[in-house]
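Chemist: Structure for this input, please:
(chains A and B)
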Amino acid sequence: MVDQLPNLGREAEMLAAMGMTSIEELFADIPSEVRMKGDLPLPPPQSEEEILSDARRLLGSNVALGERVSFLGAGLYRNYVPAAVFQLVTRGEFLTAYTPYQPEVSQGMLQAMWEFQTLISELVGLPIANLSLYDGSTAAAEALTCSVRVHTRKATQKDTVYVSELTPPDRFSVMENYCQGAEIKIKLLRHLDDGTLDMDSVSEAIGSCGVYVEQPNPLGLLDGGVTQLKEILGEHTALIVGVQPVSLGLVEAPGHYGADIVVGEGQPLGSPITGGGPIYGIFACSKPYLRLMPGRIVGRSIDVDGKTAYCLTLSTREQHIRRHRATSNICTNETLIALMGAMHMALLGPEGLYDLAVRNMTACLMGKQKLATVEGIQMPHSNGDHFNEFAIQLPGSTQDCLEYLDAVGIVGGFNLASWYPTRTNWLLVTFTDQTQVQDIDLLVKHLSGWISTLEVAA
Amino acid sequence: MSHLFDHNGAKGQGYSQPAPVLPASEISLPSGLSRKELPRWPRLSEPEMVRHYTWLSKRNFGIDTGFYPLGSCTMKHNPRVNEVIAQIPGIADIHPHQPEHHLQGLLAIYYEMQYMLEVCAGMDQVTLQPVAGAQGEFTAVRCIQEYFRLRGEDQRTKVIVPDSAHGTNPASAAMCGFEIVEIPSRVDGRIDLDALRAVADDTIAVMMITNPNTLGLFEEDILEASSIIHDVGGQMYYDGANFNAILGITSPGLMGFDAVHFNLHKTFSQPHGGGGPGSGPIGVKSHLADFLPGPLVGKRAAASDELETAVDENWYHWYQPTHTIGKVQQWHGNAGAIIRCWAYYRRYGRGLRTMSEHAVLNANYLRHAIHKATKEAGVDSLVVDGAEAKVAKHEFTLSLAPAKEAHGISAMDVAKGLLDMGYMAPTVYFPLVVPECMMVEPTETESKDTLDTFATHFAEVLQVDAETLHAAPITTPVRRVDEVYAARNLCLRHPYDDE
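Modeler: Residues are numbered from 1 along each chain as shown, chains lettered A, B, ... in the order given. From the prediction side, this is the model:
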């Protein structure tokens, strides 16, 4: 602690200047009934070297996915993040700044976030983007409440939204928590056996405030039907599409097929997966949603000399002005991670994004081709096109399979029974730009090995 | 000037990528889903990109740049080893869905952080899942809401918030569906117990309050306020924004609170990052613990076959509280921020009290130094304390109302004058109960010399004539920004040539 407190040893001098003799006098206003007795029951202070050593020991005992062959994704994707991103984002002027309340000395971050808004806007095909929400799940949840604020007055299904039944339960739970206070009813959209949206189910959503679907869906499937939703739903229901942003190097931007709000986990652009946080949530929308949307937004303006300058704008939507009538309670967001996203996007450029999408999608395609050769494995949605991941059906318990693979150094994927209890023996396998051909071969070999143990047992 | 969208090199790509594992021609997409036009992103080589962002960084002010006395934000130094630790693959490259035996180190740190926050706050159970202070508020109020629902106390539809509270308090409670009852504060921002008694009845679910309050003063009547609320069956919620003042000295538990959120990005030095990421864990008393968002981390003795993967004699595991409200973030919160804050707390350990003592020492010393310097410069008539108090806690308020009255110099003018002196300005116009308010929080990581120099410069700014101050700042990358223009001429993205 000595290295963090410049005034250790100068207490007496500072107190004397105030006419005091002890630190205790500074706390005279805290009644004795609420005083803590004795020391905090915590370990003694450590030096930087000791902390680093403990961190290396504890974190070193975690299994980092880069040490293994990994096929685990299910919402977080291990793309390569270029070195320049890490070098630049740790510059103290970015890292140690607060929210830019004094724009004159915060032009760097404000401009970077205005550029981020433009990059996201172009990526998803919508004119407006905020400068991040906490993650994909809170972005989706805030999109639902936003759709109700905008549409419920004219809706025939008031305070009602529809959400794909494939939405992962953890994401769905966030939606429920955000929606319950406004008494919003969440109904489910069904999917067909081939994984695509059931259009009959979609027609039930006509007259509701908003519809939430994902493209690719949570099982990695790209669904052409999603492009028809806006026509079915009409202008008084918000079409909300959740995206994996890298896919948009190949897949049409949802704003170009009628999406009103696009959300998603920004993580694959710019951020390591970091145990699921801090990452950043994308939120973009069309003009009718602007004044009722959540989150901070930067506008381009001028200073008193007429020079281009940037500042936070439309703050009257926000909690520090509007208090309990604010569009959201969000204050601290994920700006620095969004900055990493902007830096990654700036390095990629349009063609680089295309190349990155191709690498992710072809890795997935090769996975499909090779796993199709494994006897005993079925692919429930084999006729579809997939981005990053797809489901396979195993001839035995998914948990047993994952344990077998773990023992040979493979993180085999995500057990889908934990999302969909009826889908026993389903496994979600994920491929990214980090997947090598030999990784896929290894998976094929050991999956076959595991299946042969089942046959022996039988 | 450097504009990202001016860069458009024909083949500009900032990093070259390996070839895909299969040719792109093998890709097929459902009909109508093939992207027709790529986003109009700029094209930069790596050197151009590095120079652009370096240029931007030089137009930004952080704690590393200079003194940052932004009240209510606890802008303390961010130790750099924490950044090194956050890049270790065992945190940067782990997935929340990995099995427990892959994550024993992470779980052990989560367990230790839950415990550390519990003992500092006097609470029985902590969850690390909320990712920001406002989300912590929302989460805690949700838990209390479910607690009352289970008890059949559905008539509790109101949340009490003092008018001096942070805006997130009423916003978070409203998001849960509660009606907000705002009560007036006394002139020093402290709770008006009579006003509280007047609204306290069995329709109250929660009272949300921060202590020290938003004027930096300790609520001496806090036990009385707690018993007024508890007597009508309500719950007390502690906004932890000002926690930096009291670690090891008192705790929300001792003050009678039932739930609390922590701003790890304030008290425990997660860097603010220009607006985030943060981390907003909450702690609750045992009667609310079953409602927390899951999973939480527990421990048991490790079995013999687990000892090889265990980090100590314990096996750390996830578990779900019985009546959990579910999730408020899809994963396990901001794990990377929690690791940094673990590294930060380890530096102090049981000495966290010293950190708070120095935060309070610095705040009081700076308040004293400012009054002394303004007196010596003969401008002490222009600034007064925002509230009468012998001692402040970790922050204090000043009122520039006399300067406004005498010379037409507003708190904002002084703030802009301080920018020209090379400082970040204190928080202005909050809390609203102080006219022409300036809220100053130096934190414990500023030296006496910095505080003395700032006080001198503050007095110098007050000697500047009104006309000059109205024109300030003049030394910053841009001068006063026209926020009205920004709102009236909305330009929220780069205007492409054809638009």
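
Chemist: ok, A:Tyr178 - contacts?
Modeler: Neighbour list for A:Tyr178: A:Thr138, A:Ala141, A:Glu142, A:Leu144, A:Thr145, B:Met175 [criterion: C-beta atoms under 8 Å, 6 or more residues apart in numbering or on different chains]. Heads up, the C-betas are built off the backbone N, CA and C, glycines and all.

Chemist: Check whether A:Leu312 really touches A:Arg296, as I assumed.
Modeler: Yes - contact criterion C-beta atoms under 8 Å: A:Leu312 and A:Arg296 qualify, at 5.9 Å.

Chemist: Give me the common contacts of those two.
Modeler: Shared contacts of A:Leu312 and A:Arg296 (C-beta under 8 Å, 6+ apart): A:Thr99.

Chemist: which one is whichever residue of chain B sits closest to chain A nearest to, not counting chain neighbours?
Modeler: Per C-beta to the nearest C-beta, B:Trp331 is where chain B lies closest to chain A, at 2.4 Å. Residue nearest to B:Trp331 in three dimensions, not counting chain neighbours: A:Gly276, with 2.4 Å by C-beta to C-beta, 6 or more residues apart in numbering or on different chains.

Chemist: Settle this for me: A:Ile282 is touching A:Ala129, isn't it.
Modeler: Yes - proximity of A:Ile282 to A:Ala129 meets the contact threshold set by C-beta under 8 Å, at 7.2 Å.

Chemist: Common neighbours of these two, please.
Modeler: Joint contacts of A:Ile282 and A:Ala129 (C-beta under 8 Å, 6+ apart) are A:Ile120.

Chemist: returning to what we had before: report how many residues lie close to the residue nearest to B:Trp331.
Modeler: Look at A:Gly276: counted by other C-beta atoms under 10 Å in any protein chain shown, it has 25 neighbours.

Chemist: Name all residues that make contact with it.
Modeler: By C-beta under 8 Å, 6+ apart, the neighbours of A:Gly276 are A:Leu76, A:Asp135, B:His95, B:Pro96, B:Gln329, B:Gln330, B:Trp331, B:His332, B:Gly333, B:Ala335.

Chemist: Could you export the residues you listed as JSON lines, including pLDDT and neighbour count?
Modeler: Below are those laid out as JSON lines (pLDDT from 0 to 100; neighbours: other C-beta atoms under 10 Å in any protein chain shown):
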{"residue": "A:Leu76", "pLDDT": "98", "neighbour count": "27"}
{"residue": "A:Asp135", "pLDDT": "97", "neighbour count": "34"}
{"residue": "B:His95", "pLDDT": "98", "neighbour count": "26"}
{"residue": "B:Pro96", "pLDDT": "98", "neighbour count": "23"}
{"residue": "B:Gln329", "pLDDT": "97", "neighbour count": "27"}
{"residue": "B:Gln330", "pLDDT": "97", "neighbour count": "28"}
{"residue": "B:Trp331", "pLDDT": "97", "neighbour count": "26"}
{"residue": "B:His332", "pLDDT": "97", "neighbour count": "23"}
{"residue": "B:Gly333", "pLDDT": "97", "neighbour count": "30"}
{"residue": "B:Ala335", "pLDDT": "98", "neighbour count": "28"}
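
Chemist: Pull the number of nearby residues for A:Ser452.
Modeler: Neighbour tally, A:Ser452, other C-beta under 10 Å: 12.

Chemist: Distance check, it against chain B.
Modeler: A:Ser452 sits 24 Å away from chain B, taking C-beta to the nearest C-beta, to the nearest Å as the criterion.

Chemist: before we move on, back to that, could you tell me which of the contacts of A:Gly276 belong to helices?
Modeler: B:Ala335 (DSSP state H).

Chemist: Check the contacts of A:Gly276 against A:Gly266 and report the nearest one.
Modeler: Closest approach to A:Gly266 among these (C-beta to C-beta): A:Asp135, at 8.6 Å.

Chemist: For chain B, give me its nearest residue in chain A.
Modeler: Residue nearest to chain B within chain A: A:Gly276 (2.4 Å; C-beta to the nearest C-beta).

Chemist: Next one: that residue from B:Val478, what distance?
Modeler: Between A:Gly276 and B:Val478 the computed distance is 38 Å (C-beta to C-beta, to the nearest Å).

Chemist: And for the closest residue to A:Tyr134 other than its chain neighbours, the neighbour number?
Modeler: Ranked by C-beta to C-beta, 6+ apart and with sequence neighbours excluded, the top spatial neighbour of A:Tyr134 is B:Val131, at 4.8 Å. Residue neighbour count, defined by other C-beta under 10 Å, stands at 36 for B:Val131.
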